[in-house]
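Engineer: From the sequence below, what's the structure:
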Amino acid sequence: MATMTAQILIGSPHTYHGGINPTHKIYLSENSRPALILTREDIHEKGTKDTFEKVTWIPTLENMLDDILLMVSFFILKDEYISQELSKIDVKKLNFLEMYEDIDKETRLKLYKSNKEIIGGYKDLKFIFSIFEGSSLISAINEVKLFKIEHELCISK
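Structural biologist: Down below sits the predicted model:
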């Protein structure tokens, strides 16, 4: 059985009190290969307009953070450019995507570069990264600062 080695809460920041109002969460499951599992987390029951229950992507090892943020732009933010680019892939695969196999390297790198600018433009977006012992995501901690996103890091020791 796979182990959850990270949890990422996605939502909006509170104007005055810090923290987050979560709408979604992503788990990083690791064992023989990593998997990113995106689900809804609408604790305030505002009713998200998602058309999915659960999405699983098999991320790249070297660009796992980029894969997480690409997932957010496509499924949560529904960014027009990212949606247009990913719509070129078989739609059935988007709920279970294997990044190495389903998107060629050149396209992935182009999407990552564009998404850095796109996701940085969302001011009502916040991430809380909880990274547990043994997580592959620990190597990407310094990369979080390259994205202009509001975030908090919680790292186990």
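Engineer: Please name the residues that touch Ile103.
Structural biologist: Residues in contact with Ile103 (C-beta atoms under 8 Å, 6 or more residues apart in numbering) are Ile89, Leu97, Leu111. For every residue, glycine as well, the C-beta is placed using N, CA and C.
Engineer: quick one: which of those is nearest Leu69?
Structural biologist: Leu111 (10.0 Å; C-beta to C-beta).
Engineer: how about the strands in the chain?
Structural biologist: Secondary structure of the chain (DSSP state E): strands at 3-12, 21-30, 35-40, 54-58, 96-98, 126-131, 150-155.
Engineer: mind putting the ones you listed in a markdown table, distance to Met71 included?
Structural biologist: What follows is those, written out as a markdown table (distance: least, C-beta to C-beta, whole Å):
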| stretch | distance to Met71 |
| --- | --- |
| strand 3-12 | 9 |
| strand 21-30 | 7 |
| strand 35-40 | 6 |
| strand 54-58 | 6 |
| strand 96-98 | 9 |
| strand 126-131 | 12 |
| strand 150-155 | 15 |
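Engineer: Make CSV from these and add mean neighbour count and distance to Lys116 to it.
Structural biologist: Compiled in CSV, those are given as follows (neighbours: other C-beta atoms under 10 Å; distance: least, C-beta to C-beta, whole Å):
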stretch, mean neighbour count, distance to Lys116
strand 3-12, 20, 17
strand 21-30, 19, 18
strand 35-40, 19, 18
strand 54-58, 17, 18
strand 96-98, 17, 20
strand 126-131, 21, 14
strand 150-155, 14, 14
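Engineer: so which of these gets nearest Asp79?
Structural biologist: strand 3-12 (13.8 Å).
Engineer: Was I right to think Ile76 contacts Thr23?
Structural biologist: Yes - with contact defined as C-beta atoms under 8 Å, Ile76 reaches Thr23; the gap is 7.1 Å.
Engineer: what is in contact with those two at once?
Structural biologist: Ile10.
Engineer: is it true that His151 touches Glu143?
Structural biologist: No - applying C-beta under 8 Å, one finds His151 not in contact with Glu143, separated by 11.2 Å.
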